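Chemist: Model the structure of this input:
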Amino acid sequence: SPGLVGARHEPALQTAVDKLIAENWVYVATDYAGLGTAGSHAYLVGEDAARAVLDAIRAARRLEGLSLDNRNVVWGHSQGGHAALWTGIVGPHYAPDVEIAGIAAIAPAADMARLIAMNPRLDKRLGPYIAASYSRFYPDVAFEQAVRPEAFKAARETANLEVAKSGFEAWPVQMLMSAP
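Modeler: Prediction:
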């Protein structure tokens, strides 16, 4: 699946995928749950992202005419890096049948408070998006409590923008499974 916006990175990604396929690896990419539907998708909701990765691996194993090794390497950039890390956490109890041989998280979206502190302009875009996602998927998080009162109206408008217009960039989690 494409990244949130990510078109700028797709040629490099395609080159990497072509090389992996030439080495007899199978490439599977998840979609982000809720992306492209009304409302916010599960942006940085780790458990959901990890389950999507693990379910995609399981689905690939069921494809007719494809025989796959059980070893899997999970990698991703930004939001995908976040999902890759969560896959390592969730995998053993959610999908003990999926062997994770390695994880590569490239610039994972993991320490958002520090990332926003280093780039205050990012807070105006990313902060509302995270607040909307978490308030939708975590019952103990309220959007109104996660956003400063003076910024509430603008934050709500920003959170409701279409992702493609919001300027975020992220790659999807990339899973590579070696063929026997």
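Chemist: can you map out the helices along this protein?
Modeler: Applying DSSP state H to the chain gives helices spanning 10-22, 46-61, 79-94, 112-118, 120-137, 143-146, 152-159, 163-166.
Chemist: Can you redo those helices as CSV, where the extra columns are distance to residue 104?
Modeler: Any C-beta I mention is one placed from the backbone N, CA and C, and that applies to glycine too. Shown next, in CSV, are these (distance: least, Cβ to Cβ, whole Å):
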stretch, distance to residue 104
helix 10-22, 11
helix 46-61, 13
helix 79-94, 7
helix 112-118, 19
helix 120-137, 23
helix 143-146, 31
helix 152-159, 30
helix 163-166, 24
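Chemist: To residue 67, which of these lies closest?
Modeler: Among those, helix 46-61 comes nearest to residue 67, with 9.1 Å by Cβ to Cβ.
Chemist: if we can go back for a sec, of the helices of the chain, which stretch is the most buried?
Modeler: Of the helices of the chain, the one with the most neighbours on average (mean count of other Cβ atoms under 10 Å) is helix 79-94, at a mean of 22.
Chemist: Between helix 46-61 and that one, find me the angle.
Modeler: Comparing the axes of helix 79-94 and helix 46-61 via axes from the mean of the first three to the mean of the last three Cα atoms, to 10 degrees yields an angle of 80 degrees.
Chemist: Average pLDDT for helix 79-94, rounded please.
Modeler: Across helix 79-94, pLDDT averages out at 93.
Chemist: returning to what we had before: hey, least reliable of the helices of the chain by pLDDT?
Modeler: Minimum mean pLDDT among the helices of the chain: helix 163-166, a mean of 42.
Chemist: quick one: the residue of the chain positioned farthest from its centre and residue 138, what's the gap?
Modeler: For the chain, the residue at maximal distance from the C-alpha centroid (Cα atoms, centre = their mean) is residue 150, at 30.3 Å. Residue 150 sits at a distance of 24 Å from residue 138 (criterion: Cβ to Cβ, to the nearest Å).
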